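Visitor: Take a look and give me a structure for this.
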Amino acid sequence: MSINGYIRVKNDIENEIIIEKSRFITYVKKTPTEDEAKEFIDGIRKKHPFATHNCYAYVTDAGKTARFSDDGEPQGTAGIPMLEVIKNRDLKDTAVVVTRYFGGIKLGAGGLVRAYSSSTSQALDKAGIEENLLADLFLIKFGYDKYSLFLKFIENRKTQTVSADFSEEIVIKIAIPSTDTSFVEKLTDYFLGKVEIVKDGQTFVVFGG
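Guide: Numbers count the residues shown, from 1 in each chain. Here you go, the predicted model:
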């Protein structure tokens, strides 16, 4: 993970493939925390209580936590291959469950590894990715006569408005990628100094997601 951010799946999806008469139904979900990943996995198990296997792998907490399960498949043939696909794509905050309904034909260890890897890869391709960037938060205060100028200034910039307070003056809380080190200086110049800008911490933000 870069100190400036990381990538994760963009969409929660479901994808099914048939391999040697076995059904492999893959579910992908964005899960920032381990609790969310566990809840997701439990939900799939309840949805498919009679499946032969519900194998899973996930990376959560911005990459700090990683878990997997073969759920009865031969050791090392399901969960680890699934996790390796996630890690090889450098994905964080991502959980995958592959539900298998056995079709009567044994695949062997190599076949199972390929099946679970392929199922995971296809589903992740379908889910897409988004970039979660480290952002600086700023409180920006100005008069109503400057609002149209502010909108014009941020129009072609990578920003995310967190909140807006329209009272006696306008106070906008905005997130800017931490790599945009010139934002404050340029905004101050643009407003000819008639703007109040206060840094208000950092967080991870998906811009345009």
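
Visitor: what is the mean pLDDT for stretch 111-119?
Guide: With pLDDT averaged residue by residue, stretch 111-119 scores 98.

Visitor: And it, how far out from the chain middle?
Guide: Remark: stretch 111-119 is offset 23 Å from the chain centroid, using C-alpha atoms, centre = their mean, to the nearest Å.

Visitor: And the contacts of it?
Guide: 15, 17, 19-20, 22, 24, 26, 55, 73-74, 76-79, 81-82, 84-85, 98, 107 (C-beta atoms under 8 Å, 6 or more residues apart in numbering). C-beta coordinates here come from the backbone N, C-alpha and C atoms, glycine included.

Visitor: Repeat the analysis, applying 7 Å as the threshold.
Guide: Outside stretch 111-119, the residues that touch it by C-beta atoms under 7 Å, 6 or more residues apart in numbering are 17, 19, 24, 26, 55, 73-74, 77-78, 81-82, 85, 98, 107.

Visitor: out of the residues you listed, which are buried?
Guide: Ile19, Phe24, Thr26, Cys55, Glu73, Thr77, Ala78, Pro81, Met82, Val85, Val98, Leu107 (16 or more other C-beta atoms under 10 Å).

Visitor: Make CSV from the residues you listed and add distance to Ala37, secondary structure and pLDDT to it.
Guide: As requested, these are exported to CSV (distance: C-beta to C-beta, whole Å; DSSP: H, G, I helix; E, B strand; the rest coil; pLDDT from 0 to 100):
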residue, distance to Ala37, secondary structure, pLDDT
Ile19, 25, strand, 96
Phe24, 20, strand, 98
Thr26, 15, strand, 98
Cys55, 14, strand, 98
Glu73, 19, coil, 97
Thr77, 21, coil, 98
Ala78, 16, coil, 98
Pro81, 18, helix, 98
Met82, 13, helix, 98
Val85, 16, helix, 98
Val98, 14, strand, 98
Leu107, 27, coil, 96
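
Visitor: Just flag the most distant two among the residues you listed.
Guide: Using C-beta to C-beta, the buried ones among the contacts of stretch 111-119 span at most 17.3 Å, a distance reached by Val85 and Leu107.

Visitor: State which strand of the protein is the longest.
Guide: In the chain, assigned by DSSP state E, the strand with the most residues is strand 129-142.

Visitor: Now the helix or strand that it is followed by - C-alpha only, CSV.
Guide: The helix or strand immediately downstream of strand 129-142 is helix 147-154, counting by DSSP states H and E. Extracted C-alpha coordinates of helix 147-154, given in CSV (Å, rounded to 0.1, in the frame of the first residue of the first chain):
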residue,chain,number,x,y,z
TYR,A,147,-19.2,31.1,-3.9
SER,A,148,-19.4,31.1,-7.8
LEU,A,149,-15.6,31.7,-7.8
PHE,A,150,-15.0,28.8,-5.5
LEU,A,151,-17.1,26.5,-7.6
LYS,A,152,-15.1,27.6,-10.7
PHE,A,153,-11.8,27.0,-8.9
ILE,A,154,-12.6,23.4,-7.9
